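J.: Quick one, structure for this:
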Amino acid sequence: MNGAINSLPGPLPAVDAMVSMLPTAEFHSSVIASLRHVFVPYLAATALAVPLGVAIGLSLTFRDLVFPSLEMLRPVPPIAWIPIAILVLPTTLASIMFITFMGAFFPILLNTIRGVERVEPDYVKAVQCLGGTRRDVLRQAILPAALPSIHTGLVIGMGLAWVNLVAAEMIADAGLGRLIWVAYTTGNYANIVAGVIFVGLLGYASSTLVRWIGQRRMSWNVETSS
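T.: Sure thing, here's the model as predicted:
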């Protein structure tokens, strides 16, 4: 234990490693690969989780049929999905994206359900009283009222997609997770710290981007804008 602690680099070696990494082609390709491994599954998770969450939030019958199975999958840690993904999916890239997809999917789903369930019934009645159809109720009452909660899920989902990324990229040919793993196996501890910092910075920037888009789309909402 003491040897491992003594091997941990201080701030200056870590900064030197970061500066050394920045101009290299390997670092650039790793960042591009990691961004692809996060954003493509994140968009897919959003496209699936939001409508599914709306359906579960609106229909008690649909919730009873679908939600228990999803709740059983939610606590499974990302590391446990790796062997299953390798066995079931045809390519390594698909396996990586599946693991990051799982990280983003559940926060978006749960926050969408919560947002729909908390919509004030008066909003729905107001649209119905004005002759609105079920589609009008969904578009003009339910979705706008649920958007702040959905936005929260999108921000959390982005962060968890980056959390899952490092575990997923241990089986990858490229990416920051792979870079960190190679640094560990070769005993280059300064590069491990540098890679972790870069993952943190990119995760922070990605979550900030999602938060900024949400604030622009929901400037009417005081909670989101603050």
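J.: Quick one: classify the nearest residue to residue 142 once chain neighbours are set aside as helix, strand or coil.
T.: Among residues not flanking residue 142 along the chain, residue 119 sits closest, at 5.3 Å (Cβ to Cβ, 6 or more residues apart in numbering). The C-beta positions use only the backbone N, C-alpha and C, and glycine is treated the same way. Of the three states, residue 119 takes coil under DSSP: H, G, I helix; E, B strand; the rest coil.
J.: Residue ranges in this structure under the pLDDT threshold?
T.: Applying pLDDT under 70 to the chain flags the ranges 1-7, 132, 219-226.
J.: Let's see that with 50 instead.
T.: In the predicted model, the chain carries pLDDT under 50 at residues 1-3, 222, 224-226.
J.: what separates the lengthiest helix in it from the chain centre, distance-wise?
T.: Using DSSP state H to define each element, the chain has its longest helix at helix 25-58. Mean C-alpha position of helix 25-58 versus that of the full chain (Cα atoms, centre = their mean, to the nearest Å) differs by 6 Å.
J.: what packs against it?
T.: Counting contacts by 3 or more Cβ pairs under 8 Å, 6 or more residues apart in numbering; DSSP states H and E, helix 25-58 packs against helix 60-73, helix 92-117, helix 143-168, helix 176-185, helix 189-217.
J.: For that helix, list every residue counted as buried.
T.: Buried residues in helix 25-58, counted by 16 or more other Cβ atoms under 10 Å: 27, 30-31, 33-34, 37-39, 41-42, 44-46, 49-50, 52-54, 56-58.
J.: Check stretch 8-22 too.
T.: 9, 14, 17, 18, 21.
J.: May I see these organised as JSON lines, with secondary structure and distance to residue 188 added?
T.: Putting those into JSON lines (DSSP: H, G, I helix; E, B strand; the rest coil; distance: Cβ to Cβ, whole Å) gives the following:
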{"residue": "9", "secondary structure": "coil", "distance to residue 188": "9"}
{"residue": "14", "secondary structure": "helix", "distance to residue 188": "11"}
{"residue": "17", "secondary structure": "helix", "distance to residue 188": "8"}
{"residue": "18", "secondary structure": "helix", "distance to residue 188": "13"}
{"residue": "21", "secondary structure": "helix", "distance to residue 188": "11"}
